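A.B. asks: Pasted the sequence and its predicted model underneath.
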Amino acid sequence: MTRDLRRDLYAAGAAVLLVTAAVLIGHHIQHTHHTLRVDWPPLLGSWGPHVGPGTPAAVVVAVATVGYGPALAARLPWRALLAAAWGTATAWILSLALIDDWQRGVAGRLTTRHEYLQVIDRFHDVPATLRDFTHHILLESPDNWPAHVAGHPPAATLTFVLLDRIGLRGGGWAGTWCVAVGAAACVAVLVAVRALADEGLARRAAPFLVLAPAAVWMGTSADAYFAAVAAWSVALLALAVTGRRVRSGALGSGLLFGLTCYLSYGLTLFALVGAAVLLLGRGRVRERPEVLVLLLAGAAVVPTAFTLAGFDWWEAYRLLVTRYHQGAGGIRPYGYWVWANLACTVLITGLATAAGLRRTGATLRRHRGESLARPDDPRRSGADARLALLVAAALLALLVADLSGMSKAETERIWLPFALWLLPACAFLTRPRVWLAAQAALALLLNHLLLTGW
């Protein structure tokens, strides 16, 4: 066994210990103090071993991806690889969701009392509802919004309102939207990694992005949809700063980043990932300053539209913080969740990512003080370091969200957008099939042993 592989196993073992501690200590706190507000800490879910109609399909997708994924990712033409990644990710997410059957796993997810579809009828006059949105955030306000509606800017709810208006009504269509769009997030990450690092690293990362344990919560959480929007904002910026799509990429990235901020308050932290992309492409940005101009112009569109419609983002966020502390956020102990959230991250990204992050840190240390070559340099030197920097930026954003205290529990869903950008660290690993098998086994065990809350 090589020294690097031994260290990878140590990192994976440390991740197992973190999860074990979170489970054991969490169960003790919940059973004695009842303050965690989750039934199976650190996850929102309950113990309930089961199988369902999605079980055979999930096993087939897992076995096929482990067996053939790395080889196909290495050989397929690039565009065919992207299509295969999206299709396989969709199949993986949907088959896992169907383990809980169609109603509980897909159609009923977004129709519960906390979810967006509960308020579709209240948006019959969209401009008036936007002007009045902040008046229903606090718990004591009249007709207060359900938890997820109050907890997000109105673009999140408006997405499902628009689906309803075009005839795609009900939880089945809403769930299908989240699965199909959410699966496209892995394609965006691959596009960004290829542009900023190199194609070889993107190809090695592809099977891990497809077979992510995060798929358990991507079907059918709205956060999967948010993750895709955020991911494509980064991917388009990567194309802009590497000269592939300078103007359209910068403008499109800005538009999607503006939308991201009106889908979830916490995803403003994606500015850290965007800053890493700009740093990696700083040479192109200096040569083509219109990249920044178009990026900022695009980013202003959605906020301007909502502000003119009468929605005050800052006031809504202030009220949300108050509501958060009025409810579970004011009860759940920060001292537990500030580290147990990281155990949730292990469960959604897998042991392979823990090992990959160890290699990411080693890569950054190895290249410390070196000047990174431009990502559009045909010599492509320093690709490992560029990928490591991109992954580190996503990890930093996640840690800031953790330390903020506004993410206490349920991060297996809330942090999906950040988690997807940690998975490319698996491109640094050797023996990919072994690590992929561990990823698939974790997802299958979680989905079959627990009745997850999302």
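C.D. replies: Noted; the coordinates are in hand. Residues are numbered from 1 along each chain as shown.
A.B. asks: residues near residue 77, how many?
C.D. replies: By other Cβ atoms under 10 Å, 8 other residues sit near residue 77. C-beta here means a position set from N, CA and C on the backbone, and glycine is covered the same way.
A.B. asks: Likewise for residue 362?
C.D. replies: There are 15 residues near residue 362, going by other Cβ under 10 Å.
A.B. asks: and what of residue 244?
C.D. replies: 15.
A.B. asks: quick one: secondary structure of it?
C.D. replies: When classified by DSSP: H, G, I helix; E, B strand; the rest coil, residue 244 comes out as coil.
A.B. asks: From residue 291, how far out is it?
C.D. replies: According to Cβ to Cβ, to the nearest Å, residue 244 and residue 291 sit 12 Å apart.
A.B. asks: before we move on, what about residue 156?
C.D. replies: Distance from residue 156 to residue 291, by Cβ to Cβ: 29 Å.
A.B. asks: more crowded one of those two?
C.D. replies: Applying other Cβ under 10 Å to residue 156 and residue 291 shows that residue 291 carries more neighbours, namely 25 against 19.
A.B. asks: how near is that one to residue 28?
C.D. replies: As judged by Cβ to Cβ, residue 291 and residue 28 stand 52 Å apart.
A.B. asks: now do residue 335
C.D. replies: From residue 335 to residue 28 the distance is 13 Å (Cβ to Cβ).
A.B. asks: which of those two has more neighbours?
C.D. replies: With neighbours defined as other Cβ under 10 Å, residue 335 and residue 28 compare such that residue 28 has more, 12 against 8.
A.B. asks: can you pull out the helices in the stretch 301-450 of the chain?
C.D. replies: Using DSSP state H, counting those that start in this stretch, the helices of the stretch 301-450 of the chain run over residues 313-326, 334-366, 383-403, 411-414, 416-419, 432-449.
A.B. asks: same deal with the stretch 151-300 of the chain?
C.D. replies: Using DSSP H, counting those that start in this stretch, helices in the stretch 151-300 of the chain cover 154-165, 170-183, 185-196, 199-210, 215-218, 222-241, 246-261, 270-280, 282-287, 290-309.
A.B. asks: count of neighbours near the closest residue to residue 25 other than its chain neighbours?
C.D. replies: Nearest residue to residue 25 in three dimensions, chain neighbours excluded: residue 336, at 6.9 Å (Cβ to Cβ, 6 or more residues apart in numbering). By other Cβ under 10 Å, 21 other residues sit near residue 336.
A.B. asks: what sits against residue 336?
C.D. replies: Residues in contact with residue 336 (Cβ atoms under 8 Å, 6 or more residues apart in numbering) are 25-26, 29, 36.
A.B. asks: of all the helices of the stretch 301-450 of the chain, which lies closest to residue 42?
C.D. replies: helix 334-366 (4.1 Å; Cβ to Cβ).
A.B. asks: can I get the contacts of residue 336 in TSV with neighbour count, pLDDT and distance to residue 301?
C.D. replies: Shown next, in TSV, are the contacts of residue 336 (neighbours: other Cβ atoms under 10 Å; pLDDT from 0 to 100; distance: Cβ to Cβ, whole Å):
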residue	neighbour count	pLDDT	distance to residue 301
25	17	98	46
26	21	98	43
29	18	98	45
36	26	96	40
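A.B. asks: Please list the members of these that lie in helices.
C.D. replies: 25-26, 29 (DSSP state H).
A.B. asks: can you redo these as CSV with distance to residue 80?
C.D. replies: As requested, those are exported to CSV (distance: Cβ to Cβ, whole Å):
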residue, distance to residue 80
25, 47
26, 44
29, 49
